[in-house]
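Trainee: Quick one, fold the following:
(one chain, ligands or ions: 2)
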Amino acid sequence: MNQIARALTIAGSDSSGGAGIQADLKTFQELHVFGMSAITAITAQNTLGVQDVLELNPDIVAKQIDSIVTDLGVDAVKTGMLASPEIIETVAAKINEHHLAPFVVDPVMVSTSGHLLLTGDARTSFKKWLLPLATVITPNLHEAEYLADMKITNWEERKQAAQILIDEGAQAVIIKGGHDVGEKAVDLFYDGSNFQSFSAPKTDTKNTHGTGCTFSAAIAAQLAKGDSLPDAIAKAKAFVTAAISHPLSLGKGNGPTNHWAYRQEEKK
Ligand SMILES: Nc1ncnc2c1ncn2[C@@H]1O[C@H](COP(=O)(O)OP(=O)(O)O)[C@@H](O)[C@H]1O
Ligand SMILES: Cc1ncc(COP(=O)(O)OP(=O)(O)O)c(N)n1
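Mentor: Ligands and ions are numbered 1, 2, ... in the order given. As a prediction, the model looks like this:
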């Protein structure tokens, strides 16, 4: 029996520390999970946008995963920015080869500032390589529309999109509602049998850089510790809600969330 749960993030580096690998590792740390990383791309990024991206060779991505798995071991894995169809295929092959599970897929495609974080035919690669391996996939509304190839204008259409992603092979899906209008941030969960909504008050803030990364990393952390998927999502929702509602106000644009907030709330 290992003394500490171990989680691996396979994602891009965000120089500003709000999203990507940096947000994932901060989240793992705050949730008392030992964090490890395989970097897919290096972004020059801040709260104002993405200034440049250097995509890494799929070979070095594969080797990072091998190095971690063959020595330290992994209790849960998540993916974020995968940068290219070639990296998606490589990561899927490694997930299969090493039987890595549970597996949280955050289908990162575009930054808040509108910069493309994935080249090529993302829809085809995600569906072919990643959906069939996913314990849960965590699209935001735009990503769900793109992957399910339909418009989502209401709750019923959100359910239909979730069904399409399950039919494509994901074991479960949570379509996040951060980009929806309304007083609450409501996420729709579906495991092929039951729908469940996870809701929290919406904070009126522009500092939401990295919310999706933080949410999916928190789900992975809780799964690594042995939570059921609905329990992991409920904890992740509380974690990201605390991070968003206790602003740090860093930078001149869309600032990062506050990864300490959950710990501070727990102490109260
Ligand atoms: N302003 C907000 N207030 C409270 N929760 C939010 C807010 N924005 C996003 N969330 C929540 O943060 C998580 C990430 O969602 P979202 O921002 O939609 O993802 P992404 O960063 O991938 O676009 C979800 O649980 C969502 O409901
Ligand atoms: C390196 C890197 N990875 C992912 C993102 C996108 O982060 P996400 O949490 O999906 O959302 P926003 O930051 O766009 O709100 C990123 N920007 N950089």
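
Trainee: got the residues of the stretch 51-200 of the chain near ligand 2?
Mentor: G80, M81, V108, S111, T112, L117 (CB under 6 Å from any ligand atom). From N, CA and C alone the C-beta is placed, and that goes for glycine too.

Trainee: Please flag which of those residues sit within strands.
Mentor: Among those, DSSP state E puts none in strands.

Trainee: which among the residues you listed gets closest to Q163?
Mentor: V108 (22.6 Å; CB to CB).

Trainee: contacting residues around the closest one?
Mentor: Contacts here follow CB atoms under 8 Å, 6 or more residues apart in numbering; on that basis V108 touches A11, G12, G80, M81, L82, L117, L118, E143, G212, C213.

Trainee: Quick check: the gap between it and F198.
Mentor: 20 Å (CB to CB, to the nearest Å).

Trainee: what do you get for G35?
Mentor: From G35 to F198 the distance is 24 Å (CB to CB).

Trainee: Just give me the least confident of the residues of the stretch 51-200 of the chain next to ligand 2.
Mentor: Among those, T112 carries the lowest pLDDT, at 76.

Trainee: And the residue of the stretch 51-200 of the chain closest to ligand 1?
Mentor: Ligand 1 sits closest to G178 of the stretch 51-200 of the chain, with a gap of 2.5 Å, by CB to the nearest ligand atom.

Trainee: pretty sure that residue is touching K184, no?
Mentor: No: judged on CB atoms under 8 Å, G178 makes no contact with K184 at a distance of 10.7 Å.

Trainee: Who has more neighbours out of the two?
Mentor: G178 (16 against 11; other CB atoms under 10 Å).

Trainee: circling back to that earlier point, scan the contacts of V108 and report the most crowded one.
Mentor: That'd be L82 among the contacts of V108, by other CB under 10 Å, with 33 neighbours.

Trainee: any idea how far A92 is from it?
Mentor: To A92, L82 is 10 Å away according to CB to CB.

Trainee: where along the stretch 1-150 of the chain do the helices fall?
Mentor: Along the stretch 1-150 of the chain, the stretches classed as helices by DSSP state H, counting those that start in this stretch are 20-30, 58-69, 85-97, 122-125, 141-148.

Trainee: Looking at these, which one is packed in the most?
Mentor: helix 20-30 (a mean of 25; mean count of other CB atoms under 10 Å).

Trainee: any idea of the mean pLDDT in that helix?
Mentor: 98.

Trainee: Stretch 241-260 too?
Mentor: On average, stretch 241-260 scores 94.

Trainee: near ligand 2, anything from that stretch?
Mentor: No: if you take CB under 6 Å from any ligand atom as the test, stretch 241-260 misses ligand 2, and the best it gets is 6.9 Å.

Trainee: so how far is that stretch off the chain centroid?
Mentor: 17 Å (CA atoms, centre = their mean, to the nearest Å).

Trainee: ok, and what's touching that stretch?
Mentor: Contacts of stretch 241-260 (CB under 8 Å, 6+ apart): 16-19, 23, 26-27, 30, 46-49, 112-113, 185, 200-201, 203, 205-211, 214, 240, 261-262, 264-265.

Trainee: which of these come close to ligand 1?
Mentor: Answer for those near ligand 1 (CB under 6 Å from any ligand atom): A185, A200, T203, T205, T208, T211, V240.

Trainee: give the contact list for K151.
Mentor: E145, E157.

Trainee: Tell me the residues of the chain that contact ligand 1?
Mentor: 140, 176-179, 185, 187, 200, 202-203, 205, 208, 211-212, 215, 237, 240-241, 244.
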